[in-house]
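Chemist: After the sequence you'll find the predicted model.
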Amino acid sequence: MRVISKRKLLEAIERDRTLDGPLNAWHKVVSNADWKNFAEVRQTYSSADYVDPYTVFNIRGNNYRLIAKLEYKKHLVFVKHVLTHEEYDKRNWKK
């Protein structure tokens, strides 16, 4: 899968340096994945959730949520947000 945009990951790391390892690990796994559907995502990330039209990944022990839109046919992952659990719960990201 091709991850677009890594900028969102770098911005999150700038805000919280403890995200460096977890986000780089996520990026490496996703970049090497060949997912064809959400079920295959769940085989890799069992805690991933589908919140139409996004896939939500738990990052750094469920302290952060990475929200991405996956386009399986094009092998693309669009990173929309990296939020704290509290920011995610406010649901403002859905607007």
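Modeler: Perfect, I can see it now. Since the structure is predicted, the reported quantities are computational estimates derived from the model, not experimental observations.

Chemist: C-alpha from now on. contacts and neighbour counts both.
Modeler: OK.

Chemist: did I read that right, Gln43 in a helix?
Modeler: Yes - counting by DSSP: H, G, I helix; E, B strand; the rest coil, Gln43 is part of a helix.

Chemist: per-residue pLDDT, Val51?
Modeler: Val51 carries a pLDDT value of 93.

Chemist: residues of the longest helix seen in the chain that come out buried?
Modeler: When the chain is parsed with DSSP state H, its longest helix is helix 20-31. The neighbour-count criterion (16 or more other CA atoms under 10 Å) identifies 23, 27, 30 as the buried residues of helix 20-31.

Chemist: same check, this time on stretch 38-46
Modeler: Going by neighbour count (16+ other CA under 10 Å), the buried part of stretch 38-46 is Val41.

Chemist: same thing with stretch 3-22?
Modeler: Neighbour-count burial for stretch 3-22 [16+ other CA under 10 Å]: 3, 8-10, 12-13, 19.

Chemist: One more: stretch 71-81?
Modeler: 76-81.

Chemist: ditto for stretch 46-54
Modeler: So stretch 46-54, judged by 16+ other CA under 10 Å, has buried residues 48-49, 54.

Chemist: now the strands for the chain?
Modeler: With DSSP state E as the criterion, the chain has strands at 2-4, 49-51, 54-59, 64-71, 76-84.

Chemist: dump the residue contacts of the closest residue in space to Ile4 that isn't next to it in sequence.
Modeler: In this structure, Ile4 finds its nearest non-sequential neighbour in Phe78, 4.7 Å apart by CA to CA, 6 or more residues apart in numbering. The contact partners of Phe78, taken as CA atoms under 8 Å, 6 or more residues apart in numbering, are 3-5, 68-70.

Chemist: Only C-alpha atoms, please: export stretch 30-42 in CSV.
Modeler: Provided in CSV are the C-alpha atoms of stretch 30-42 (Å, rounded to 0.1, in the frame of the first residue of the first chain):
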residue,chain,number,x,y,z
VAL,A,30,1.3,-0.6,5.9
SER,A,31,3.7,0.2,3.1
ASN,A,32,4.5,-3.5,2.8
ALA,A,33,0.9,-4.6,3.0
ASP,A,34,-1.2,-5.8,0.1
TRP,A,35,-4.6,-5.5,1.6
LYS,A,36,-7.6,-6.2,-0.6
ASN,A,37,-10.4,-5.5,2.0
PHE,A,38,-11.0,-4.6,5.6
ALA,A,39,-10.9,-8.2,6.7
GLU,A,40,-7.3,-8.4,5.6
VAL,A,41,-6.5,-5.2,7.5
ARG,A,42,-8.0,-6.9,10.7
